[in-house]
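In: sequence plus the predicted model coming up.
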Amino acid sequence: MVQLIKASNSYDFDFHTASFAYMNKYPNPFAKHVRSSDTLEQFVDRQGKLRTTKLVVKTGSLPLFIKPFLGSSLDSWIIEKLVIDPKLGIMLAYSANVDHRKFIKVEEYLHYTSEGTRTHIESKVKFLSNFAGMKEKIEQWSQNRFQSNMRNSQEGLKYVMNKFKERISKETWRANL
């Protein structure tokens, strides 16, 4: 059975700041598990939407019950696709692991919307394992781990938004001298 998490969150930052921060979220002190983040493709389509594809490499420790199969730690390659519509104030993001998919397939869908000076996020995450005999246990462990890491992701994004806001404030101050 597929495990599913749905969540929502809002930030006291406008859409442009939130979408910029999302695209530039690494590195930050809340994401020490991220080894690299590379932009593979980026372009503006005919409708004026920014489309980006990234490859992110993350590392993490594994539970005791899976160590005999995969070892004690694991690097995972994540593909991330973004579509930002600045006219409508909407950003859609999709990410999924591209390796270890027999062990676990994790897909995350994010929907950012502008709410004036705030940005609202709806998220949905699916977990699916095809690892015979341990499917439910792996899916449940992955879901629990993801939920515990959600707070760090939110704090990391807030950190990047605050840093961006500080930088803009300093540049505005200097320009007014």
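Out: Perfect, I can see it now.
In: so where's this structure uncertain?
Out: 1, 173-174, 176-177 (pLDDT under 70).
In: residue boundaries of the helices in it?
Out: 15-23, 67-70, 135-175 (DSSP state H).
In: list the helices and strands the last one packs on?
Out: On a contact count with 3 or more C-beta pairs under 8 Å, 6 or more residues apart in numbering; DSSP states H and E, helix 135-175 meets strand 3-11, helix 15-23, strand 118-128. No exception for glycine: its C-beta is placed from N, CA and C like everyone else's.
In: just name the most buried of the ones you listed.
Out: Of all the helices and strands packed on helix 135-175, helix 15-23 has the most neighbours on average by mean count of other C-beta atoms under 10 Å, namely a mean of 21.
In: contacts for that one, please.
Out: 11, 13, 52, 82, 84, 86, 89, 91, 93, 112-114, 119, 157, 160-161, 164-165 (C-beta atoms under 8 Å, 6 or more residues apart in numbering).
In: go on, stretch 59-77?
Out: 33, 35, 55-58, 97-100, 103, 131, 134, 137-138, 141, 145.
In: now stretch 6-17 - C-alpha only, PDB.
Out: Extracted as PDB, the C-alpha positions of stretch 6-17 are listed here (Å, rounded to 0.1, in the frame of the first residue of the first chain):
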ATOM      1  CA  LYS A   6      -0.400  15.700   2.900                       C
ATOM      2  CA  ALA A   7       0.600  19.000   4.600                       C
ATOM      3  CA  SER A   8       0.300  22.700   4.200                       C
ATOM      4  CA  ASN A   9       2.300  25.700   5.400                       C
ATOM      5  CA  SER A  10       2.400  29.400   4.900                       C
ATOM      6  CA  TYR A  11       5.400  31.800   5.000                       C
ATOM      7  CA  ASP A  12       5.300  35.500   5.800                       C
ATOM      8  CA  PHE A  13       7.200  36.200   2.600                       C
ATOM      9  CA  ASP A  14       5.800  37.200  -0.800                       C
ATOM     10  CA  PHE A  15       5.700  34.800  -3.700                       C
ATOM     11  CA  HIS A  16       8.800  36.200  -5.500                       C
ATOM     12  CA  THR A  17      10.900  35.800  -2.400                       C
END
